[in-house]
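Peer 1: Below: sequence and its predicted model.
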Amino acid sequence: MANEPLITALEGLLDSYRQRYRATSALTAGLKGTNGALNKARRTLGDYLAQTTTLDPALLSQAARSLETLRFKEDVADLLLPDLRREAKLLTAQINALKDAVGALSGDLVDVIKLDRAYQALRASPLQDDAVSALMPGLAVELEQAQARLGDEFGAALRDKLAAMGLQLGGRPPRFEIGRYEIVADFVSRSAAISYGKMTLAARVKLSLDTLIAVYQNEVKAIEGRNEDGQRWVEMLHAAWHNARRKSERNSARMNIVDCYYELVLLRQGRTFSSFPSKRSFTDYSRAQFAYDLDLFVRQQRLSYQGLQVTLHTATKTQAESQSRSMWLVMGSGPHDGSYISDIEFAKTLL
């Protein structure tokens, strides 16, 4: 049901801004017209003075001098017109935002996209006054409720679609969870982002059930559907850790996880890339794939290399805030069930 009191208040505010715009436009037109009329009067008087006339020449000369000394353009028009043009532009934007808000609220269902556009425009507008500020909380509530309704409808459709595939949807709109993967829907832009844990896999996917599920399945296959040799992987991780340690200026067995990931990516490249590095010869290995393998082979299977076990060190708050110093490791069934890891270390296996 439409929020009639809010719509009425918006329409009243819209009328007041329209009146302001008409007054601004009228003054702008009047100043331009006056300046043009004075210029025309100067020209026509000059032409008249060049002709034979029965009028008193002294009076005509006095009138000409008065027109020449009148600085209407410099002292009036140029002083006001720039600000009047800016005000007219701001008023136009404000009027359009208020019209969008009224239109978005007046239908059978609230138009989320139009209402969000109006809300953001009104919030960012320099033309703030008490009347606008008083309506902003009501607009925010309407926008939140409309997005929640869309989220519930979209979530129900997505849940049914996934259930038919044997998958369970968790989370609450606009953040949905499918196991370790998260889908964050943006109903205003009609797109969604897909992440593995806290690592974004696809930043902008069309908000279509079929498209979204297809992209999700491709990402799952890319991360979990690989035929990775666990023992070989741990051996390569040890080599990457050793390389990072050799390049580090620190005399420590604890190496930054991102540095180790970087070295591992290099080790996974073929001979062609080593000889002639290029995009075409580069073998991709994403952070999400690395995080998945690290959890599977190190934390779950606890694979070792030559009696050395990998130890994972949890990141501090400062380290967790930097992607270059830490990496999110999913350790449970959900995307947020895990921890930021800052360093890894190879140490003797305790018996």
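Peer 2: Ah, there it is. Residues are numbered from 1 along each chain as shown.

Peer 1: Do a quick rundown of the strands in the stretch 201-350 of the chain.
Peer 2: Remark: strands assigned in the stretch 201-350 of the chain by DSSP state E, counting those that start in this stretch are 255-256, 304-305, 308-314, 327-330, 338-348.

Peer 1: For Ser191, find the nearest of those strands.
Peer 2: strand 327-330 (22.6 Å; C-beta to C-beta). No exception for glycine: its C-beta is placed from N, CA and C like everyone else's.

Peer 1: Among the strands of the stretch 201-350 of the chain, which comes closest to Asn35?
Peer 2: It is, among these and with distance given as C-beta to C-beta, strand 327-330, at 65.0 Å.

Peer 1: distance between that closest one and the chain's centre?
Peer 2: 24 Å (C-alpha atoms, centre = their mean, to the nearest Å).

Peer 1: All further residue positions should be reported with the first residue as 41.
Peer 2: Happy to do that; since the first residue is 41 now, the last one works out to strand 367-370.

Peer 1: and the helix or strand of the chain with the lowest mean pLDDT, which residues are buried?
Peer 2: Lowest mean confidence among the helices and strands of the chain (mean pLDDT, DSSP states H and E): helix 311-315, at a mean of 74. Buried positions in helix 311-315, judged by neighbour count with 16 or more other C-beta atoms under 10 Å: Phe313.

Peer 1: can you check stretch 278-298 too?
Peer 2: With burial defined by 16+ other C-beta under 10 Å, the residues of stretch 278-298 counted as buried are His278, Ala280, Trp281, Asn283, Ala284, Arg285, Arg294, Met295, Asn296, Ile297, Val298.

Peer 1: Report the next helix or strand after whichever strand or helix holds Ala81 in sequence order.
Peer 2: Following DSSP states H and E, one finds Ala81 within helix 44-89. Downstream of helix 44-89, the first helix or strand assigned by DSSP H and E is helix 97-109.

Peer 1: I'd like the average pLDDT over that next one.
Peer 2: Average pLDDT, helix 97-109: 78.

Peer 1: same thing with stretch 181-195?
Peer 2: pLDDT averaged over stretch 181-195 gives 90.

Peer 1: ok, now which ones touch Val224?
Peer 2: Neighbouring residues of Val224 by C-beta atoms under 8 Å, 6 or more residues apart in numbering: Pro214, Arg215, Phe216, Ala232, Ala233, Ser235.

Peer 1: most neighbours, which of the residues you listed?
Peer 2: Ranked by the number of neighbours (other C-beta atoms under 10 Å), those place Ala232 first, at 26 neighbours.

Peer 1: Right, I'll leave it there.
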